[in-house]
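Q: any chance you can model this:
(chains A, B and C)
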Amino acid sequence: MISIDNVTVGYGAAGFITAVDGVSFTIGSNEIIGIAGESGSGKSTLMRAVYGDFSTGLRIKSGTVTGRFTDAATGKTIEKPSSLFRDLWWDQISYIPQGSMSVLNPLMKIEKQVVDGLPRRERGGGRRELRARIAKFLAGFGLEENVLDAYPHQLSGGMRQRVLVAIAAFVNPRLILADEPTTALDVVVQKKILLMMVEIQRRLQNTLVLVSHDLGVHYQITDRLVIMYKGQIVEAGRTADIFANPQHDYTRNLIASLPRLHGQRAVDRVGAGA
Amino acid sequence: MRSFFTHAPFRLYLGLLLLAVCIVVGGILPWLAPGDPLVWYSAPRNQNPSGAYWLGTTSLGQDVFWLLTYALRNSIILGLIVAGLSTVIGVFLGLAAGYAGGWLDRVLSFFMDALLCIPTLPILILMAALFGGQLALPIVGLLLVVFNWPYPARQVRAVALTMREREFINVAWFSGESSSRILIRHIFPYIAGWSAANFINTVLVGISTESALAVIGLSSAQQATLGTMIYWAINYQALLGGKYVWIGSPVVAIVLLFIGLFLVSSGLSMQSAAKRMSV
Amino acid sequence: MHLLRFIAGRLVVYALVIVFALTVLFFVPRLGPTDPVEAMLAKVASQGAYMDPAQVDKLRQSLIDTFGLGGSLWEQYGAFVNRIVFSADFGPSLSMYPTPVMELIWNALPWTFGLLLSSTLIAWILGNFVGLLSGWRPNSNSSRVMEGIAICLYPIPYYILALVLSILFSYVWKIFPLTTTIRGAPWSWELVSSIVWNSFLPAMSIVIVVFGWWVISVKAQTSALKEEEFARYARLKGLSDGRILTAYILPNALLPQITFLALQIGLMFNGSLITEILFDYPGLGLLIYTAVLQGDFNLLMGTISLSVIAVATATMIIDLIYPLLDPRIRHR
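A: Now for the predicted structure:
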């Protein structure tokens, strides 16, 4: 679906600052792929390059990011570089941002924020029918219909994040990119939302790219995992394989730093050594 | 050219340059005047601009250039006094309201809101009309202070309210500093930048309001200000006589002075906003 | 419930502000070094009209009534408030005797109101349009030029601009009339065009300054809102620039403008008074000026009291509207 070929991405026109350095991998259809790494590892920059968000001085210095989509209406194949993805946004591709307080327009009701940007194919029927469809869709996320008439400030953090997932999924796209969608939430809500995302992916048979620094999140839902460190991919493969048999030191450290409910805890080890 | 006008320092420098010109003309030149330019027939009447009379003379035989220096001086002095008193009173009462809270805050806040709702000029016109048709400059100044202290007070109160919650104030509090010391050492520097911008702005409002009163002939006729100069020019038919330099020079002086003041005040507030963000 | 309590609280403050304004108006004539009644009589005498002592006494009595100077201070205050608030009666005009002051005010009010409302509206729409566009591309040359012009226009007081406009367009180039003369039958095309023609320069002097102010503040708002996360999210939804500007940035920029407007209304009124006088425009400002020149104290107290109360009311109403429009305050 997306092939990333030896791409180098960074910021600035005169003094180029490299954030992603010669990265290659492919994003296939019908899978959940995770991109992990610490902050500053280039994972968010890579995600922006894949989405085609080249604002604030972001640019591709070398290499290509190419997408290949099938237009649902005409059946034609669309193939273009990510810099031209703009007209695929909220049609073939959608995006789930981190649900901070200010990500939704504070003066617009939720219903309008779901509808705003929808492709024509998902708008069918009158306003009433559309509203009913959205309400039904939101119910699948455990959100009641009155959420549609609420303003963003009236929702809790978890509800807001669920709304953002629903907005992206209601587009019925082939590819969803999610940028740290659960980072600000407590573990219980986090798990609920992750399960919803898996469920949606299985139902729509599309592709979900999940960017998160939290390996626990990746362990729970991704099929494949890409681990980035200092702008490069240090390890990629099936998630289960990576967790079972990490090849790179950095990956081993990341996995070792995860809290565990079995095995020896770090505190115990320190106690034993003393 | 790229950072024209959005870059705070440039704005500030341009404004300061304009103000410097006004201060030289209004602050230094009046000392060099050959005589009191207000006196009628101290010069030949109705002269066009020339080497001897740079901006010509009025139909009353006054040298327009020296008259302008006096007018600028008086307007600037009035503006500075109004702004100085308003800022001092406003900062003091604003800090008191924000820092003390309780009933004192409520009473002071009410007066701030109430005074901000009342238009200044009608009250000034009423007083001028009732007290013999003209108001002396000190009274105009005093009234302007009464109507202008709430602006800084409201802002300072808001800052003081948030400051009470700030971490470094708590640190100072717990390390045993007295409240007046906290006020002076920690809160005051914080509001100083904003107060400076507001001070300049109040100079502008003060001069502008006095001029408004003067243009319709209700301010002092004993002293020349920029507004009275315009009033005299209109009243003695400078326009019908086509003497545009006479009426034009105070108008140009006011425009340049106000643009200068505005550039400095917005430059200062941009700078203090940048500083506040970095705190 | 929360909202009702809020409105009730505001209304109490509003009532107190009006009481405060009335008290100020009440005490102003008593503050001066001279007795306004005697000053007024002296003025009448100096104008050369001979009056016999009986007439002077009668005039003195009517002036004492006008200023409410009879009886104890409390009685005076009560009568004063009663006259302004409950009967809205300021007696007959002394210079245009016996036309009631209120009638003169009612005739002048539409002019001032129309002038202020139309010029504010034009300036606000233009200012938002230009401010929004230049805030969207804050670094483009046209945006910088616009802001430079706005910065040079905004600090100029209305009456100075009015003077400059009248010098340029009425004296130097004789395009517009020097003073206002309205002619034409009621509701005729001639009347309307005459009003527009005569109001053009006074309105422009207000429009230009207010326009400068809106450009500066809307530009600053827009360039800040553009960086907000919701604007970025809207862009990543693939929405067009036009849609983002009108549905995301504009509403968020408009809301705080209501508060700005509340702060500006008094200043705008001040400015329009002098502008009206300079252009001989038949509004409240000219009426006040006439009252001052003619020593018509009934008219003076009437016009000034009314304008103070009107401005205070307008400010408070705008202040009250703001929270009703902001959903973050409305639905808490």
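Q: all contacts plus neighbour counts: C-alpha atoms, from now on.
A: OK.
Q: tell me where the stretch 1-150 of chain A has strands.
A: A:2-11, A:17-27, A:32-36, A:58-70, A:77-81, A:93-96 (DSSP state E, counting those that start in this stretch).
Q: okay, those in CSV with mean neighbour count and distance to chain C next?
A: As requested, the strands of the stretch 1-150 of chain A are exported to CSV (neighbours: other C-alpha atoms under 10 Å in any protein chain shown; distance: least, C-alpha to the nearest C-alpha, whole Å):
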stretch, mean neighbour count, distance to chain C
strand A:2-11, 20, 17
strand A:17-27, 18, 20
strand A:32-36, 26, 20
strand A:58-70, 18, 14
strand A:77-81, 13, 16
strand A:93-96, 25, 7
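Q: for the ones you listed, which one sits closest to residue A:48?
A: strand A:58-70 (8.6 Å; C-alpha to C-alpha).
Q: how close does residue A:110 sit to residue A:197?
A: As judged by C-alpha to C-alpha, to the nearest Å, residue A:110 and residue A:197 stand 20 Å apart.
Q: hang on, the earlier thing: just send the strands of the stretch 1-150 of chain A back as JSON lines, with distance to residue C:321 and mean pLDDT too.
A: Formatted as JSON lines, the strands of the stretch 1-150 of chain A follow (distance: least, C-alpha to C-alpha, whole Å; pLDDT from 0 to 100):
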{"stretch": "strand A:2-11", "distance to residue C:321": "45", "mean pLDDT": "91"}
{"stretch": "strand A:17-27", "distance to residue C:321": "49", "mean pLDDT": "90"}
{"stretch": "strand A:32-36", "distance to residue C:321": "49", "mean pLDDT": "93"}
{"stretch": "strand A:58-70", "distance to residue C:321": "43", "mean pLDDT": "90"}
{"stretch": "strand A:77-81", "distance to residue C:321": "50", "mean pLDDT": "89"}
{"stretch": "strand A:93-96", "distance to residue C:321": "36", "mean pLDDT": "93"}
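Q: okay if I get these as a markdown table plus distance to chain B?
A: Below are the strands of the stretch 1-150 of chain A laid out as a markdown table (distance: least, C-alpha to the nearest C-alpha, whole Å):
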| stretch | distance to chain B |
| --- | --- |
| strand A:2-11 | 21 |
| strand A:17-27 | 24 |
| strand A:32-36 | 32 |
| strand A:58-70 | 22 |
| strand A:77-81 | 33 |
| strand A:93-96 | 29 |
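Q: in JSON lines: these, plus distance to residue A:146.
A: Putting the strands of the stretch 1-150 of chain A into JSON lines (distance: least, C-alpha to C-alpha, whole Å) gives the following:
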{"stretch": "strand A:2-11", "distance to residue A:146": "38"}
{"stretch": "strand A:17-27", "distance to residue A:146": "37"}
{"stretch": "strand A:32-36", "distance to residue A:146": "31"}
{"stretch": "strand A:58-70", "distance to residue A:146": "36"}
{"stretch": "strand A:77-81", "distance to residue A:146": "39"}
{"stretch": "strand A:93-96", "distance to residue A:146": "22"}
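Q: which one of those strands lies nearest to residue A:239?
A: In terms of C-alpha to C-alpha, the element of the strands of the stretch 1-150 of chain A nearest to residue A:239 is strand A:32-36, at 8.5 Å.
Q: got the angle between that closest one and strand A:17-27?
A: Angle, strand A:32-36 to strand A:17-27, by axes from the mean of the first three to the mean of the last three C-alpha atoms, to 10 degrees: 160 degrees.
Q: list the contacts of the residue at minimal distance from the centre of chain B.
A: By C-alpha atoms, centre = their mean, chain B has its centre lying nearest to residue B:203, at 1.2 Å. Residues in contact with residue B:203, defined by C-alpha atoms under 8 Å, 6 or more residues apart in numbering or on different chains, are B:76, B:79-80, B:82-83, B:261.
Q: nearest to chain C among those?
A: residue B:261 (8.3 Å; C-alpha to the nearest C-alpha).
Q: show me what the helix or strand the closest one falls within is packed up against.
A: Assignment of secondary structure by DSSP states H and E places residue B:261 within helix B:244-278. In this structure, helix B:244-278 packs against helix B:8-23, helix B:64-100, helix B:188-215, helix B:226-235, helix C:141-153, with contacts taken as 3 or more C-alpha pairs under 8 Å, 6 or more residues apart in numbering or on different chains; DSSP states H and E.
Q: could you redo the last one with a cut-off of 7 Å?
A: helix B:8-23, helix B:188-215, helix B:226-235 (3 or more C-alpha pairs under 7 Å, 6 or more residues apart in numbering or on different chains; DSSP states H and E).
Q: can you list those in CSV and add mean pLDDT?
A: CSV is the format used below for the helices and strands packed on helix B:244-278 (pLDDT from 0 to 100):
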stretch, mean pLDDT
helix B:8-23, 86
helix B:188-215, 86
helix B:226-235, 90
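Q: contacting residues for residue 213?
A: Assuming you mean chain A. A:36-38 (C-alpha atoms under 7 Å, 6 or more residues apart in numbering or on different chains).
Q: wrong one, chain C
A: So residue C:213 contacts C:150, C:154 (C-alpha under 7 Å, 6+ apart).
Q: now the nearest residue to residue A:122 once chain neighbours are set aside. Its backbone dihedrals?
A: Distances taken as C-alpha to C-alpha, 6 or more residues apart in numbering or on different chains put residue A:171 closest to residue A:122, at 6.7 Å, once the chain neighbours are dropped. In terms of degrees, to the nearest 10, the main-chain angles of residue A:171 are phi -60, psi -20.
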